[in-house]
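Asks: how does the following fold in three dimensions:
(2 chains)
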Amino acid sequence: MEKAIQIENLSYSYPDGQQALKDINLSIEVGETVALVGPNGAGKSTLLLHLNGILRSDGTVTVLGVPLDNKSLKWVRSKVGLIFQDPEDQLFSPTVFDDVAFGPINMGCSQDEVRRRVSEALEGVGMEGYEKRSPHHLSIGEKKRIAIATILSMEPEILVIDEPTANLDPRAKGELIELLQQLPMTKIVASHDLEAVKALCQRTVILDEGQVVADDSTQSIMSNNPLLEGHGLAPRSGSSLKLKA
Amino acid sequence: MKHGFLDQYSDLDSLIHRLDPRTKAITTLAFILALVLTPPTRWYAFALYFALIALVVLLSRLPPLYVLKRSLVVVPFVLVIAIFIPFFKQGEVAGSYNIWLWQVNVTYSGLIVLWNVTIKAWLSVMSMIVLSSTTKFSELLKGLERLRLPLVMVMILSFMYRYMFVVVDEALRMKRARDSRNFGGKHIWQLKTVGNMIGALFLRSYERGERVYAAMVARGFDGNPRTLSHLRFQMLDLYFTACFLTSLAMIGTTILLGWGA
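Replies: Okay, the predicted model is just below:
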């Protein structure tokens, strides 16, 4: 079976020359939920931007067996849905409807198809009836849900989510994790919220200073305290804070 | 900050609210055009224009006082530009005053220019207020788009609407953060802080722009904006446009015939 995503020898430097990703190799099976964890500035977001070709650089990214190039770009973007960290960036339209409809319209769906997808996507995230609202007036939790709906409406096979639980209160966070658990697609979740990672992902990849430093089952990574500590994912030993395992 | 600041009362329900945004945009434009083309000395014509707009306000169930208050916003701007014209324009002198060393002349033609600018600006702004208070901004954008306003401009307007208050909120947060660490100090030093804040705000907005663009590209945006529209003209739109344009034509006829001049 084809891999959902296969990354080979991917390196990337920022325009100012600073290297953000160094020789990344990673493959993700269809149906997997993989966490991408690492300290601030590890290159998580940069890596995510490569998954649907917003950033392109040396190395190859293969999506569902198709190498990402100029020809396949449009197709890849319809298969890989990228949800950004700040819903304020993701929701740029005057109304919720316009935002959720943006993807399907760009994909060339017919009017009826667009409407069907919008109502299904909003239903999927439990936000029916919000079509006419302005994103500006929603709570952060609601914005996150709508942001997910804007991607679901494109009916992607792979969901890539950057920091899904950032800025959420514990209840909203719990609800969002439940929502993500119900989505059947392949998921890649970048986060340093280990609680969310444990609830969502079977496999965890640790990224630090632009390199993959560990790739294993979530369980074994979470129980490896020295590893977590070494990459900024747990308080230093001797610190009075203790992370619950 | 809430969007309501821009289109307050746009969620009321009335005859005018139910009109298609395109109808309202076109009639507003027609009204302003007619207004601007009216010679300033046809005093009664302006009374008729005012009556027409007052009628629309009445039909729209907007609080008249709200419309009036909002429309006065334009007055300071107009006055700053036009208040000195009566003193400088050449012509028949309406009044002459001695103020200490200077003799100041006010001319009739200058006064007429002042009246012309003020009344036209005021009535135009009033019509815009009626338009924006009876139409949701998002609907208005859809209407403009269907009226073939270039899509790039519609998008710019829609981003402005979406992010204006995000930026305002950001500025307010920065101001709060500054105030909570500000223990007085010289004014000149504060000016420098304000300058830094404006710079930071610009950079943040610029970076946000890049992230928003990435979010658009991620959803298949290829530089050609496309949207769906659900707008449909009804009989109501036809009636309203017909009545409104007829009224304007009648006012125009009286001007051409020179009544009351």
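Asks: where does B:L6 fall, secondary structure wise?
Replies: helix B:4-7 (DSSP states H and E).
Asks: got it, and B:M126?
Replies: Using DSSP H and E, B:M126 falls within helix B:108-134.
Asks: for that helix, what is the average pLDDT?
Replies: On average, the pLDDT along helix B:108-134 is 91.
Asks: in that helix, what counts as buried?
Replies: B:110-134 (16 or more other CB atoms under 10 Å in any protein chain shown). Bear in mind the C-beta positions are built from the backbone N, C-alpha and C, glycine included.
Asks: how about the residue most central in space within chain A, phi and psi?
Replies: Nearest to the geometric centre of chain A sits A:I161, at 1.5 Å (CA atoms, centre = their mean). Main-chain dihedrals, A:I161, degrees, to the nearest 10: phi -120, psi 130.
Asks: go ahead and confirm it touches A:L180.
Replies: Yes: with contact defined as CB atoms under 8 Å, A:I161 reaches A:L180; the gap is 7.3 Å.
Asks: picking that back up, is whichever helix or strand comes after the helix holding B:L6 anywhere near chain A?
Replies: Downstream of helix B:4-7, the next assigned helix or strand under DSSP H and E is helix B:15-18. No: for helix B:15-18, no contact with chain A is found by CB under 8 Å from any CB of the partner chain; the gap never falls below 14.0 Å.
Asks: one step back: other SSEs contacting the helix holding B:M126?
Replies: If you count contacts as 3 or more CB pairs under 8 Å, 6 or more residues apart in numbering or on different chains; DSSP states H and E, helix B:108-134 packs onto helix B:4-7, helix B:15-18, helix B:21-37, helix B:43-60, helix B:64-71, helix B:74-82, helix B:85-88, strand B:93-99.
Asks: so that helix versus helix B:64-71, what angle?
Replies: Interaxial angle of helix B:108-134 relative to helix B:64-71 (axes from the mean of the first three to the mean of the last three CA atoms, to 10 degrees): 120 degrees.
Asks: ok, the residue nearest to the centre of chain A - contacts?
Replies: Applying CB atoms under 8 Å, 6 or more residues apart in numbering or on different chains, we find A:I161 in contact with A:83, A:148, A:180, A:187-190.
Asks: change it to 10 Å
Replies: Shown in contact with A:I161 (CB atoms under 10 Å, 6 or more residues apart in numbering or on different chains): A:36, A:48, A:81-85, A:144, A:147-148, A:151, A:176, A:180, A:183, A:187-191, A:200.
Asks: out of the residues you listed, name the ones that lie in helices.
Replies: A:48, A:144, A:147-148, A:151, A:176, A:180, A:200 (DSSP state H).
Asks: which of those residues are close to chain B?
Replies: Counting by CB under 10 Å from any CB of the partner chain, A:48, A:147, A:151 from those sit close to chain B.
Asks: how confident was the prediction at B:K175?
Replies: 85.
Asks: distance check, the residue nearest to it when sequence neighbours are not counted against chain A.
Replies: Spatially, and ignoring its direct neighbours in sequence, B:K175 is nearest to B:M197 (7.4 Å; CB to CB, 6 or more residues apart in numbering or on different chains). Between B:M197 and chain A the computed distance is 20 Å (CB to the nearest CB, to the nearest Å).
Asks: surely A:A101 and A:E120 touch.
Replies: No: counting by CB atoms under 10 Å, A:A101 stays clear of A:E120, with 11.9 Å between them.
Asks: list residues touching both of the two?
Replies: With CB under 10 Å, 6+ apart as the test, A:A101 and A:E120 both reach A:S153.
Asks: those two: which is more packed in?
Replies: For A:A101 versus A:E120, neighbours defined as other CB atoms under 10 Å in any protein chain shown are more numerous around A:A101 (25 against 15).
Asks: could you say which helix or strand holds that one?
Replies: A:A101 is part of helix A:96-106, with elements assigned from DSSP H and E.
Asks: show me what the next helix or strand after that helix is in contact with.
Replies: Scanning forward in sequence from helix A:96-106 by DSSP H and E, the next helix or strand is helix A:111-124. With contacts defined as CB under 10 Å, 6+ apart, helix A:111-124 is touched by A:96-105, A:107-110, A:127-131, A:145-146, A:148-155, A:179, A:182-183, B:226-230.
Asks: quick one on the thing from earlier: overlap in contacts of A:I161 and A:L180?
Replies: Here A:I161 and A:L180 share the contacting residues A:83, A:148, A:187, A:189, A:200, scored by CB under 10 Å, 6+ apart.
Asks: the closest residue to the second one other than its chain neighbours: neighbour count?
Replies: Of all residues not flanking A:I148 in the chain, A:V125 sits nearest, at 5.2 Å (CB to CB, 6+ apart). Residues contacting A:V125 under the criterion other CB under 10 Å number 24.
Asks: one more: B:Y44?
Replies: Counted with other CB under 10 Å, the neighbours of B:Y44 add up to 13.
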